[in-house]
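**Student:** Predicted model and sequence below, questions to follow.
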Amino acid sequence: MDQIKWCLNQKKGIELVEPSDNLRDAYLIKAEESLETLRTSKSRDWQLTTAYYTIYHGIYSLLMIIGIKCEIHSCTIEFTKRFLKEYFTSDDFELIDKAFSARIDSQYYVNRKVPYQKYDLIMKKTPAFLVKCKNIVLEQKEVKIIRNQITTIK
């Protein structure tokens, strides 16, 4: 089954809402706060968690411009890969996936260690990823196209 279709049919999955520049700004603030915690934390686990949330809130700020609400993180990521792929590189998507899995491993499992190479990549690339999200400009025409595509999937 198509992942996006599945996400559209979940209670807290992908949902069209009113686009909001105010919410975009609020999620960018959350991303900045996560980045600041990443920089000041001495705990490797919390660094991985806050790196992921820096990335996630950066992405979610873009969803607010489009008017997409989604509380299932894997669905948010899948939406980004499908509908925002022209704004991100394969390296960006690799970072997103690695940060997502590292956060799960470090936050929920005591016996799963995130390899140092993966940790270093996430720590190095997260700040630039947030800058990229901040600099993405979605025109109204693009927003309308994405919203129309979503309504045809259901």
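**Tutor:** Structure's in. What do you need? As the structure is a prediction and not an experimental result, all values here were calculated from the model.

**Student:** Mind listing what's buried along the lengthiest helix in the chain?
**Tutor:** Criterion DSSP state H: the longest helix present in the chain is helix 44-66. The neighbour-count check on helix 44-66 (16 or more other Cβ atoms under 10 Å) flags 47-66 as buried. From N, CA and C alone the C-beta is placed, and that goes for glycine too.

**Student:** and residue 96, how far is that from residue 141?
**Tutor:** 26 Å (Cβ to Cβ, to the nearest Å).

**Student:** what do you get for residue 87?
**Tutor:** 15 Å.

**Student:** Comparing the two, which residue is more hemmed in?
**Tutor:** Using other Cβ atoms under 10 Å, the more surrounded residue of residue 87 and residue 141 is residue 87, with 16 against 8.

**Student:** who's in contact with the most centrally placed residue in the chain?
**Tutor:** Nearest to the mean C-alpha position of the chain, by Cα atoms, centre = their mean, lies residue 56 at 3.0 Å. Contacts for residue 56 (Cβ atoms under 8 Å, 6 or more residues apart in numbering) come out as 31, 73, 76.

**Student:** at 7 Å instead, please
**Tutor:** Each residue near residue 56 by Cβ atoms under 7 Å, 6 or more residues apart in numbering is listed here: residue 73.

**Student:** which residues touch stretch 122-136?
**Tutor:** 28, 31, 35, 38, 47-48, 51, 54-55, 58-59, 61-62, 87, 92, 95, 98-99, 102.

**Student:** Give the buried residues for it.
**Tutor:** 122, 123, 125, 126, 129, 130, 133.

**Student:** go on, stretch 27-45?
**Tutor:** Neighbour-count burial for stretch 27-45 flags 27, 28, 30, 31, 34, 35, 37, 38 (criterion: 16+ other Cβ under 10 Å).

**Student:** surely residue 84 meets residue 62?
**Tutor:** Yes - Residue 84 is within contact range of residue 62, at 6.3 Å (criterion: Cβ atoms under 7 Å).

**Student:** just the strands in this protein please.
**Tutor:** Assigned by DSSP state E, the chain shows strands spanning 15-16, 68-69.
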